[in-house]
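Chemist: what follows is a predicted structure for the sequence shown.
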Amino acid sequence: MTKIEYKAHQGETPFISACIDGKLDIAKALYAQGGVDLNARTAADTNVLEELVFKAGNRPLDFTITQLEGRNVSITDPDEIRKIIGTHPDDEFALYYATALFVLGKGADPDDLNKNGQSAVFTATGEGADWLIELLILHGANLNIKDNWGLTPLHFACRLGYPETAKALLKGGAFTDPQDDFGFTPAFELPPANTFPYSRFLHVMEPILSLVLQRPTKKIRREQLL
């Protein structure tokens, strides 16, 4: 039997490098040979799921060409797009999605933590990668893990202004009122009221927003720490 080898990037395992290079067939072959640690971390303290987030970001499969030869167009058919530009950006995204599904399906720990006490859910939240959050939920991820500062993924979603990500977390079972080490809940991480970022949360975060009316403002609470 021929042994499959793949040259790893610096600080990575061959399996991680194959996954983030979009070589799913090679990653599968490496796994089949045995000896692959699905939870291995890079020199940057990231696992393969987190690296896939950085590569894929949060690109839904809805790429559209809106300008062509100086004309306004709306071309969404994948085959037409491939004819025009030779490829399709969402093909790469679909490959990373399939890779994450493979890794999780083979038993990667969705709650594996980095040195800051953060799992892949934190990384996916920080990048607004709702697609991976949904996959992690399906594979039993704990959405209420607290990092070394007592923060949860929902704290991050509110702080960064990602209402759809917050919605995905809440739908998956995230607690609405966890406190970090300073006593702050996700409600205190929301953008200031009467701003556009704040208004984006109105239709998806009623459980969180109701808490704002019951507590002092974020500004007052933080001044108390000074």
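Modeler: Arrived safely. Numbers count the residues shown, from 1 in each chain.
Chemist: which of the helices and strands in this structure ranks last by mean pLDDT?
Modeler: None of the helices or strands of the chain scores lower by mean pLDDT, DSSP states H and E than helix 218-223, at a mean of 39.
Chemist: for Lys23, see how far away the residue most central in space within the chain is.
Modeler: Taking C-alpha atoms, centre = their mean, the centroid of the chain lies closest to Ala124, which sits 1.6 Å from it. Using C-beta to C-beta, to the nearest Å, Ala124 is found at 22 Å from Lys23. To be clear about C-beta, it is placed using only N, CA and C from the backbone, and glycine gets the same treatment.
Chemist: SS state for Gly102?
Modeler: Gly isn't right for residue 102; it's Phe. Classification of Phe102 using DSSP: H, G, I helix; E, B strand; the rest coil returns helix.
Chemist: and the pLDDT for it?
Modeler: Listed pLDDT for Phe102 reads 97.
Chemist: is it in contact with Leu24, as I believe?
Modeler: Yes - the pair Phe102 and Leu24 passes the contact test of C-beta atoms under 8 Å, sitting 6.7 Å apart.
Chemist: so where is the chain shaky, pLDDT-wise?
Modeler: Scanning the chain with the threshold set as pLDDT under 70 gives 1, 58-62, 192-226.
Chemist: what about the helices in it?
Modeler: Using DSSP state H, the helices of the chain run over residues 14-20, 24-33, 48-56, 78-85, 89-105, 120-126, 130-138, 153-160, 163-172, 196-199, 206-212, 218-223.
Chemist: can I get the ones you listed in JSON lines with distance to Leu68?
Modeler: Shown next, in JSON lines, are the helices of the chain (distance: least, C-beta to C-beta, whole Å):
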{"stretch": "helix 14-20", "distance to Leu68": "32"}
{"stretch": "helix 24-33", "distance to Leu68": "32"}
{"stretch": "helix 48-56", "distance to Leu68": "26"}
{"stretch": "helix 78-85", "distance to Leu68": "7"}
{"stretch": "helix 89-105", "distance to Leu68": "15"}
{"stretch": "helix 120-126", "distance to Leu68": "34"}
{"stretch": "helix 130-138", "distance to Leu68": "28"}
{"stretch": "helix 153-160", "distance to Leu68": "34"}
{"stretch": "helix 163-172", "distance to Leu68": "30"}
{"stretch": "helix 196-199", "distance to Leu68": "32"}
{"stretch": "helix 206-212", "distance to Leu68": "42"}
{"stretch": "helix 218-223", "distance to Leu68": "46"}
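Chemist: quick one: closest of those helices to Gln179.
Modeler: Among the helices of the chain, the nearest to Gln179 by C-beta to C-beta is helix 153-160 (9.5 Å).
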